[in-house]
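Engineer: Sharing a sequence plus its predicted fold:
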Amino acid sequence: MVEERVDLDKPIWDQNTFIGRLKYFTWVTDPRLSLSSKQSLLEAKKLISQYRNGEEPEGTTVPQLRQAQRMCLSAFHPDTGELQNVIGRMSFYVPGGMILIGAMITFYKSTQAVIFWQWANQSFNALVNYTNRNAESEITPKRIGIAYVSATGSALVTALGLKALLAKRASPLMQRFVPFAAVAAANMVNIPLMRQSELLDGVAVYDEENKKVAESRYAAVKGIGLVTFSRILMASPGMLILPVGMERLEKTAWMKRYRFVNAPLQVLLSGVTLLFMVPIGCALFNQRW
């Protein structure tokens, strides 16, 4: 048995500070957690349940308990307790996002590639938004469909419109920023529409003792706005800084000789930026006000 009981509901790090939140989200969004098998996740959930009831196996250590807690936080929905789809988990955001961002900033010249990768990116975002939705707010298949089609449409209109507009008027470097504009526009449509029930009905507001006191539309507007901003921020370094570096790198003799490394390099660098930006984006704002 663990000699000193651990309060699993008490945060390991102070969630009222940015550093505390950064440590927490770095802990639970670790991409390696997305590799956990279903069996190991269910075993982790079982251990946490046993510990809460004082029935954990003899010899259970605090590190074992914290690892089980970490796995549960990364894979099970906080409201329903259901096991989330692996692609929609925030721990999968780095491997999933790096491929999509890398592809969008690599194949920005081809119209067919723009259409495919913007569609793929919005499909991924829609799944992430749905997986991490507020379970207390109703979301119907119709609303999901409207959000998905609207976000994909806005991304394509922005990307193809700017591509055509800048094709002859802007420098090659400026054209590299078109994918980011499309992603930002789509996020501003996708997230509010996916969570429109919260805007219409409000979200639950709790007091310091965690008792529900009201339903607030203002809280919903503020929360959705902050989520939208943080999602755009997560993609910003990879889609704004990498194009500048690649514009210069592609002019070197080495890159001209080994053109096949272009796409893999941009995918890899996108992953590096997301590895830092995902926990930063999640930690930017306090989860409770």
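Structural biologist: Arrived safely, thanks for sending.

Engineer: quick one: the strands in the protein?
Structural biologist: With DSSP state E as the criterion, the chain has strands at 203-206, 212-216.

Engineer: So, low pLDDT: which residues of the stretch 101-250 of the chain?
Structural biologist: Residues of the stretch 101-250 of the chain meeting the criterion pLDDT under 70: 135-138, 207, 209-210.

Engineer: still on that earlier bit, residue 166 is nearest to which of the strands of the chain?
Structural biologist: Among the strands of the chain, strand 203-206 comes nearest to residue 166, with 39.7 Å by C-beta to C-beta. No exception for glycine: its C-beta is placed from N, CA and C like everyone else's.

Engineer: May I have the strands that pair with the closest one, each with its orientation?
Structural biologist: Strand 203-206 pairs in its sheet with strand 212-216 (antiparallel), by DSSP bridges.

Engineer: what's next to the strand it pairs with, contact-wise?
Structural biologist: Residues outside strand 212-216 that contact it (C-beta atoms under 8 Å, 6 or more residues apart in numbering): 201, 202, 203, 204, 205, 206, 207.

Engineer: Same question for stretch 182-201.
Structural biologist: Under the criterion C-beta under 8 Å, 6+ apart, residues 104, 118, 121-122, 125-126, 129-130, 133-134, 137-139, 143-144, 146-148, 150-152, 154-156, 158-159, 162, 215, 217, 220-221, 223-224, 227-228, 231-232, 235, 239 lie in contact with stretch 182-201.

Engineer: Out of the contacts of strand 212-216, who's the most crowded?
Structural biologist: residue 203 (22 neighbours; other C-beta atoms under 10 Å).

Engineer: returning to that earlier point: looking at the contacts of strand 212-216, which two lie furthest apart in space?
Structural biologist: Spatial extent of those (C-beta to C-beta) is set by the pair 201 and 207 at 19.9 Å.
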